[in-house]
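S.K.: let's see this in three dimensions:
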Amino acid sequence: MSLHRQLAELEHEIDRFEDGLARRHGDRVRPPRAPRRREGLPPDLLLVGLVGGTGVGKSTLVNALAGADISRTSARRPTTDRVIPYLHRRRLELLENLDFVRDSLSSDIRPHEIDELENIILFDLPDIDSSERAHAAVVERVLEGLDLVVWVTSLTKYSDRLLHDWLERHARGRDVANFIFFLNRIDEVDARDGSGAAEDALANFREAVRQSLGDRDRVSDSQFFSGSAVRPEAAIPGNRVGALRAEIFRERDLREIERIKSSDRIALAANRLDHMEKELDLDARHARLDAEIEEQRRGFALVAEEDEPRAEFADRLVASSAAAEAARPIMQRMLTRWPLLPQLSFLALPLRQLGRLARLPALLLPGDDEDRSRGLPILRARLATLDLERRARESLRLDTDDIARPPLEEEEIRDFLEGLENEAVAEVRAQAQTQLESAPPDGLLVRTMRRLLIWGTLLWFPLLQPLLVDILNPEAAEASLPLRLGWRIVRILGAAHLLVSFAFVLAVYLIVMLLLQAAARRRALRSCRALEKGDWWRITLCDKLVDLFLGAARSRMQEIESERRGIEGYRSRLDAVRGELDQSR
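M.R.: Model (predicted):
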């Protein structure tokens, strides 16, 4: 993807991001000077403008650069009240596409037919210090659409504060490498001082510009020219009008033109992001909200340290189905240490169904739902107290980052308690499984005993025990051993023996599973009780209370972080594009 295409897509993304911010925060997030894109123009076209104050010789310089009398000059000031374009005849239709300058164009357009200058449009702009305020407004608007800006001043006006104010203001959103500075009327230097005086004047001009920009390295010496627009060809010290003409009108390849156009767009986009960040005041808003949340969290921590709500919640957790829910994955984990039982775990399904049926009458008792919804009275009383304190505080202090909210509803309290219980169940499961996973592996004796219990039950009663009975039975000694074994195998395969054997094996396996379920439930109950003594209760309760009472503040914190990440992400992408641009220089 070309650099121009990358930048265009990035600009459109920043537009959408800015629109979203404007919907939330108002148009103050938009820069005062909206960017003007020059889309749809030929990629090899350069727009150059001459900017300066009254009487510095801009119109004369246009004639000197063009080598023809194309711009009228006058001793009357201000003389230029419109933008005068200098362009090739084949480019005349493009003037209609230049929105930023179309309404300010002079009716006196003098096209040329110099093919070498077909890709350049030169604009002579109104005076920036004109007594007519509308003239300065025209310059402000047109400056945003130019690719190269030639700042023109003279020996008597190069230190004027107005010029440097304009320069400083417009350098913030542009690449100053696309600025050219021209010191006119160098022929007015005292001839007795010679070339040294002209060089000193240009040096002073460079120093004044660099001080205005605030960075001595932002512009190079090659961007500064001096000369006499009235006598462009005269052999006088410091007269470099020809060099200025060569710099402006020199042939540039598409890559360099793309760099010139893109560098300003990158600087403008970065300026927009800086303006957004300044207007959003992200750091101050974040600090204010963070202080508010931390202040309230300290109050919530005092509630979390109280013994009565803590013990009440632990009792509720033990008495509810939380332990059974937490025991189920623990049971599955314990079964993995046994042979054959994980594949036969479906045999425990009838037991779970019987357990649910046993709890059904309790669930159908009148008023059960009411009791469940009104559970944890001590914790509910603490929530009511916190809610009263919160409303009292909001009634005394309501700033731009506070949103007054109504009292807590019963549904909110119920959702809060259910969420707290669900997190407790998840924590019990996690703790129990962590204990199982961190437990040392079973020893050889334990593994052997488990195998003997499972495989011995499966083989002993149905098969080995009946065979040994016939082999060792003294009453059947008269018959031969093969005959006795064959007879016993026939009886083993009989329906009655198979049914008894299946019932015996099933009973043993169910007993083992019941014991494992009991162990899993005990482990889950111990984990439920452990929540009361550990840090989980304090941390989780504080977080849930923050969500309940300070949900709006936390949402704004997340919004601030999202806005910060958006701005930083776009800055990073702009830096990447700028890096590619620098490599192409």
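S.K.: contacts and neighbour counts: CA atoms only from here.
M.R.: Will do.
S.K.: stretch 47-58: end-to-end distance?
M.R.: From its first residue to its last, stretch 47-58 covers 16 Å (Cα to Cα, to the nearest Å).
S.K.: which parts of the biggest helix by length in the chain are buried?
M.R.: The single longest helix within the chain, with elements called by DSSP state H, is helix 495-533. Neighbour counts over helix 495-533 (16 or more other Cα atoms under 10 Å) mark 497, 501, 504-505, 508-510, 513, 516-517, 519-521, 523-525, 527-532 as buried.
S.K.: so where's the stretch 51-200 of the chain shaky on pLDDT?
M.R.: 68-80, 190-195 (pLDDT under 70).
S.K.: whoops, I mixed them up, the stretch 301-450 of the chain
M.R.: 321-322, 347-375, 397-405.
S.K.: helices along that one, start to end?
M.R.: 307-319, 322-335, 349-364, 368-373, 377-396, 410-438, 444-459 (DSSP state H, counting those that start in this stretch).
S.K.: any idea which of the ones you listed is most buried?
M.R.: Ranked by mean neighbour count, the helices of the stretch 301-450 of the chain are led by helix 322-335 with a mean of 20 (mean count of other Cα atoms under 10 Å).
S.K.: now that one, how far from the chain's geometric center?
M.R.: Remark: helix 322-335 is offset 39 Å from the chain centroid, using Cα atoms, centre = their mean, to the nearest Å.
S.K.: how about residues contacting that helix?
M.R.: 317, 341-342, 421, 425-426, 428-429, 432-433, 436, 516-517, 520-521, 523-525, 528 (Cα atoms under 8 Å, 6 or more residues apart in numbering).
S.K.: let's see it at 6 Å
M.R.: Residues outside helix 322-335 that contact it (Cα atoms under 6 Å, 6 or more residues apart in numbering) are 342, 425, 429, 520, 521, 524, 525.
S.K.: next one: stretch 406-424
M.R.: Residues outside stretch 406-424 that contact it (Cα under 6 Å, 6+ apart): none are found.
S.K.: what pLDDT does residue 243 get?
M.R.: On pLDDT, residue 243 comes in at 92.
S.K.: please, which helix or strand holds it?
M.R.: helix 241-249 (DSSP states H and E).
S.K.: report the buried residues of that helix.
M.R.: 241, 244, 245, 248, 249.
S.K.: what angle sits between the longest helix of the chain and helix 444-459?
M.R.: 150 degrees (axes from the mean of the first three to the mean of the last three Cα atoms, to 10 degrees).
S.K.: how far off centre is helix 495-533?
M.R.: Centre-to-centre, helix 495-533 and its host chain are 51 Å apart (Cα atoms, centre = their mean).
S.K.: what packs against that helix?
M.R.: On a contact count with 3 or more Cα pairs under 6 Å, 6 or more residues apart in numbering; DSSP states H and E, helix 495-533 meets helix 322-335.
S.K.: again, 8 Å this time
M.R.: helix 307-319, helix 322-335, helix 410-438, helix 444-459 (3 or more Cα pairs under 8 Å, 6 or more residues apart in numbering; DSSP states H and E).
S.K.: need the contact partners of the first one.
M.R.: Looking back up the chat, that one is helix 307-319. Here helix 307-319 makes contact (Cα under 8 Å, 6+ apart) with 304, 323, 376, 378, 379, 421, 525, 528, 529, 531, 532, 537.
S.K.: quick one: work out the angle between it and helix 495-533.
M.R.: Using the same axes, to 10 degrees, helix 307-319 lies at 170 degrees relative to helix 495-533.
S.K.: compute the inter-axis angle for helix 307-319 and helix 322-335.
M.R.: Using the same axes, to 10 degrees: helix 307-319 against helix 322-335 is 60 degrees.
S.K.: before we move on, what about the longest one?
M.R.: For helix 410-438 and helix 322-335, the angle between their directions (the same axes, to 10 degrees) works out to 20 degrees.
S.K.: between helix 410-438 and helix 377-396, how many degrees?
M.R.: Using the same axes, to 10 degrees: helix 410-438 against helix 377-396 is 120 degrees.
S.K.: please compute how far helix 410-438 lies from its chain's middle.
M.R.: Chain-centre distance of helix 410-438: 30 Å, with Cα atoms, centre = their mean.
S.K.: go on, the first one?
M.R.: Counting by Cα atoms, centre = their mean, helix 307-319 is centred 40 Å from the centre of its parent chain.
S.K.: use 33 as the first number for this chain going forward.
M.R.: That works, and once the first residue is 33, the last one we named lands at helix 339-351.
S.K.: against residue 326, how distant is the closest residue to residue 489 other than its chain neighbours?
M.R.: With Cα to Cα, 6 or more residues apart in numbering as the measure, residue 537 is the residue that lies nearest to residue 489, at 6.1 Å, once sequence neighbours are left out. Distance from residue 537 to residue 326, counting by Cα to Cα: 61 Å.
S.K.: what do you get for residue 291?
M.R.: For residue 291, the distance to residue 326 (Cα to Cα) stands at 49 Å.
S.K.: could you tell me the end-to-end distance of stretch 187-195?
M.R.: Using Cα to Cα, first and last residues of stretch 187-195 are 13 Å apart.
S.K.: for that stretch, which positions count as buried?
M.R.: 187, 189, 190, 195.
S.K.: which SSE is the closest residue to residue 190 other than its chain neighbours in?
M.R.: Leaving aside its sequence neighbours, residue 190 sits nearest to residue 237 (Cα to Cα, 6+ apart; 6.4 Å). Assigning secondary structure by DSSP H and E places residue 237 in helix 226-245.
S.K.: list the buried residues in that helix.
M.R.: 227, 229, 230, 233, 234, 237, 238, 241, 242, 244, 245.
S.K.: in TSV, list those residues along with distance to residue 268.
M.R.: Listed next are these as TSV, based on distance: Cα to Cα, whole Å:
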residue	distance to residue 268
227	8
229	12
230	9
233	14
234	14
237	19
238	20
241	24
242	26
244	29
245	30
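S.K.: quick one on the thing from earlier: of the helices of the stretch 333-482 of the chain, which is nearest residue 599?
M.R.: helix 409-428 (31.8 Å; Cα to Cα).
S.K.: with just CA atoms, put that closest one into CSV.
M.R.: Written as CSV, here are the backbone C-alpha positions of helix 409-428 (Å, rounded to 0.1, in the frame of the first residue of the first chain):
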residue,chain,number,x,y,z
PRO,A,409,-30.1,-9.5,56.2
ILE,A,410,-26.9,-8.1,57.8
LEU,A,411,-25.3,-7.6,54.5
ARG,A,412,-28.5,-6.0,53.1
ALA,A,413,-28.5,-3.6,56.0
ARG,A,414,-24.9,-2.6,55.2
LEU,A,415,-25.8,-2.0,51.6
ALA,A,416,-28.7,0.2,52.7
THR,A,417,-26.4,2.3,54.9
LEU,A,418,-23.8,2.7,52.1
ASP,A,419,-26.6,3.7,49.7
LEU,A,420,-27.7,6.5,52.2
GLU,A,421,-24.2,7.7,52.6
ARG,A,422,-23.6,7.8,48.8
ARG,A,423,-26.8,9.8,48.2
ALA,A,424,-25.9,12.3,51.0
ARG,A,425,-22.4,12.7,49.5
GLU,A,426,-23.8,13.3,45.9
SER,A,427,-26.2,15.9,47.2
LEU,A,428,-23.3,17.9,48.6
